[in-house]
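Participant: Attaching a predicted model along with its sequence, questions to come.
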Amino acid sequence: MNPLYILGVPLGYVMEWIYKLIPNYGWDIILFTLLINIVKTPLQLNQQKNTVRMSAFQPMIADIQKKYKDKPEKQNEEIMKLQQDFGYNPMSGCAPMLINFLVMFGVIEVVYRPLQRIFHIGTAAMNAAGDALTALGISFTTVTRDTNIIAQVMAGESTVTSAFTADQVSTITEFGQHMDFFGIDLTRVPQYNLSADNLPLLILPILAIVTMFISTHISMKASGQQMQGSMKATMYMMPLMYLFFCFTVPCAFSLYYVISNVIMTVQTQVMRKIYDPEKVKEEVMAEIAAHRKEQKRGVKSTTLKVKDEKTGEIVEKNVSASEMNKRRLEYARQLDEEKYKDERTVPLSELEHKKED
C-alpha cells in the first residue's frame, strides 16, 4: 500500500461501524466526516491559535524583509532572532496540515476501495472479480473497479458473483442498493462533460470548490492574515488542486469534502470568538514592548520550558534575569535541604560528638 494511504485501513473500520448503524452510504459519509472533525477539534483549535499568533508577527517580518532585502543571510539571522526572542515559529502549523493531508488520503483510499476497506473483502476475491470483468470485455481502472463489480453483481452476472462467497454477494448487493445519495451514485467518478448521466455527478465537485473558497476566505479573515502575494495565490490554487481530486476519485470524496468545508467554517467562526485576532495581536505587541523595554534596561531574559498551572501543559516562557536568579536560589535550597536532611533532625549535641569523632 502507498504510505500516503496508511490511514485507509483504520478509517475503513470506522466506516464499517457507521454503516452497521445506518446502512446508507451518503449519510454514512456525512456522519464519518462529522466524527473525524470532532476528533480533530483540539488539533484545529491549536492550529487556529498558532495561526492567529503568527499573523501578529507579519508586520515585523515584512520590516525585516524590506530592510535586508539585499542581504538574505542577515534576513534569516534576524528572523531566527525573532523566533528565539518571542517564540515566533512559522513551522508550528505544519503538523496539523500533515495530519489533515494523511486523513484526506485515508478517505480517498476508503472511497477508492469500499468493498475492501469497508466490508473487508479479500484481495484475491477482488482480483478474481476483476479478471471476470476483463473476460466480459468491461474496461475499468483501480478507481472504477468496485463500481463495475457492484453493477455486475446486482445484475446477477455469474462469472463475477462466483468470485465471492454467498455472504459477500449478499453484502455487495445490499451496498449497491444504498450507495445513491439523492440520486447521485457516490461510487462513480465525475467526468469533464455535460452528458445527461454525468450532470448529477457534477453537483458535488462544484459544491466542494465553492465551499472551499468560502471556508478559506473566512479562515484567513479569522486568523487576521492579510491576503497578499502568495496567500492570494494559495487561496486560488488550493481549490484547483482539490478540483483535480474531485474528478479523479468517486463522488463520495466530494461529499466528504463539502461537509468538511462546512464544518471547518463553523469551527473557525466559533474559534474566532476564543482567539480573537485583534486581542491576540495586542497580547503579542505587549510582549514585544515588554521585551524591548527590558533590553533597553540591559536585562537579559531566558526561555524556559515550564508547566502551565491552568492547563498543565508544558509551554515556553521568557524569564527575566531576576526571576532566573530566584529560580536558581530555590533550586539551591532544595539541593541543600536534600543533602543535609539527616542533620536537620539530629540534636546539635549529637552532631558535635560526631564532629569530635
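Facilitator: Arrived safely, thanks for sending. Numbers count the residues shown, from 1 in each chain.
Participant: Please identify the buried residues of the helix or strand harbouring residue 167?
Facilitator: Using DSSP states H and E, residue 167 sits in helix 166-176. The neighbour-count check on helix 166-176 (16 or more other CB atoms under 10 Å) flags 168-169, 171-172, 175-176 as buried. All C-beta spots, glycine's among them, are computed from the backbone N, C-alpha and C.
Participant: and of the residues you listed, the nearest to residue 284?
Facilitator: Checking these against residue 284 by CB to CB gives residue 175 as the nearest, at 52.3 Å.
Participant: can you tell me which residues contact the residue nearest in space to the middle of the chain?
Facilitator: In the chain, the centroid-proximal residue (CA atoms, centre = their mean) is residue 100; its distance is 3.0 Å. Counting by CB atoms under 8 Å, 6 or more residues apart in numbering, residue 100 touches residue 40.
Participant: Numbering from 53 from now on, please.
Facilitator: Fine by me, first position is 53 from now on; the one you just mentioned is residue 152.
Participant: Taking the buried residues of helix 218-228, tell me the two that lie furthest apart.
Facilitator: Greatest spatial distance among the buried residues of helix 218-228 (CB to CB): 220 and 228, at 12.4 Å.
Participant: Can you check which residues contact both of these two?
Facilitator: With CB under 8 Å, 6+ apart, residue 220 and residue 228 have no common neighbours.
Participant: ok, the residue nearest to the centre of the chain to residue 235 distance?
Facilitator: Noted for residue 152: a distance of 30 Å to residue 235, by CB to CB, to the nearest Å.
Participant: and what of residue 272?
Facilitator: 35 Å.
Participant: again, but for residue 164
Facilitator: 22 Å.
Participant: now do residue 55
Facilitator: Look at residue 55 and residue 235: by CB to CB, they are 37 Å apart.
Participant: and what of residue 339?
Facilitator: Distance of residue 339 to residue 235, given as CB to CB: 56 Å.
Participant: These two: which has the busier surroundings?
Facilitator: Higher neighbour count among residue 339 and residue 235: residue 339, with 15 against 7, using other CB atoms under 10 Å.
Participant: Secondary structure element for the more buried one, which one?
Facilitator: Using DSSP H and E, the element containing residue 339 is helix 329-348.
Participant: In terms of helices and strands, where is residue 90?
Facilitator: Taking DSSP H and E as the definition, residue 90 sits inside helix 77-91.
Participant: Which secondary structure elements does that helix sit against?
Facilitator: helix 60-73, strand 232-233, helix 303-326 (3 or more CB pairs under 8 Å, 6 or more residues apart in numbering; DSSP states H and E).
Participant: any residues touching that helix, and which ones?
Facilitator: Outside helix 77-91, the residues within contact range by CB under 8 Å, 6+ apart are 63, 66-67, 70-71, 73-74, 96, 155, 159, 166, 227, 230-234, 236, 238-239, 304, 307-308, 311-312, 315-316, 319.
Participant: How far does that helix sit from its chain's centre?
Facilitator: For helix 77-91, the separation from the chain centroid amounts to 15 Å (computed by CA atoms, centre = their mean, to the nearest Å).
Participant: go on, stretch 294-305?
Facilitator: On the basis of CA atoms, centre = their mean, stretch 294-305 sits 19 Å off its chain's mean C-alpha point.
Participant: Buried residues in it, which are they?
Facilitator: Counting neighbours by 16+ other CB under 10 Å, stretch 294-305 gives 294-295, 297-298, 301-305 as buried.
Participant: Make JSON lines out of those residues and add distance to residue 122.
Facilitator: Listed next are the buried residues of stretch 294-305 as JSON lines, based on distance: CB to CB, whole Å:
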{"residue": "294", "distance to residue 122": "38"}
{"residue": "295", "distance to residue 122": "39"}
{"residue": "297", "distance to residue 122": "41"}
{"residue": "298", "distance to residue 122": "44"}
{"residue": "301", "distance to residue 122": "46"}
{"residue": "302", "distance to residue 122": "52"}
{"residue": "303", "distance to residue 122": "52"}
{"residue": "304", "distance to residue 122": "52"}
{"residue": "305", "distance to residue 122": "47"}
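Participant: Give me the three-state assignment for residue 193.
Facilitator: Judged by DSSP: H, G, I helix; E, B strand; the rest coil, the three-state class of residue 193 is coil.
Participant: confidence score at it?
Facilitator: Note on residue 193: pLDDT of 86.
Participant: And for the one 3 residues further on?
Facilitator: Predicted confidence (pLDDT) at residue 196: the value is 86.
Participant: can you check residue 266 too?
Facilitator: 85.
Participant: give the contact list for it.
Facilitator: Contacts here follow CB under 8 Å, 6+ apart; on that basis residue 266 touches 313, 317.
Participant: which SS state does it fall under?
Facilitator: Secondary structure of residue 266, per three-state DSSP, is helix.
Participant: I'd like to know how far residue 151 sits from residue 62.
Facilitator: Distance from residue 151 to residue 62, by CB to CB: 13 Å.
Participant: again, but for residue 238
Facilitator: In this structure, residue 238 and residue 62 are 21 Å apart, going by CB to CB.
Participant: Same check on residue 155?
Facilitator: Per CB to CB, residue 155 is found 11 Å from residue 62.
Participant: These two: which has the busier surroundings?
Facilitator: Neighbour count, other CB under 10 Å: between residue 155 and residue 62, residue 155 has more, with 18 against 12.
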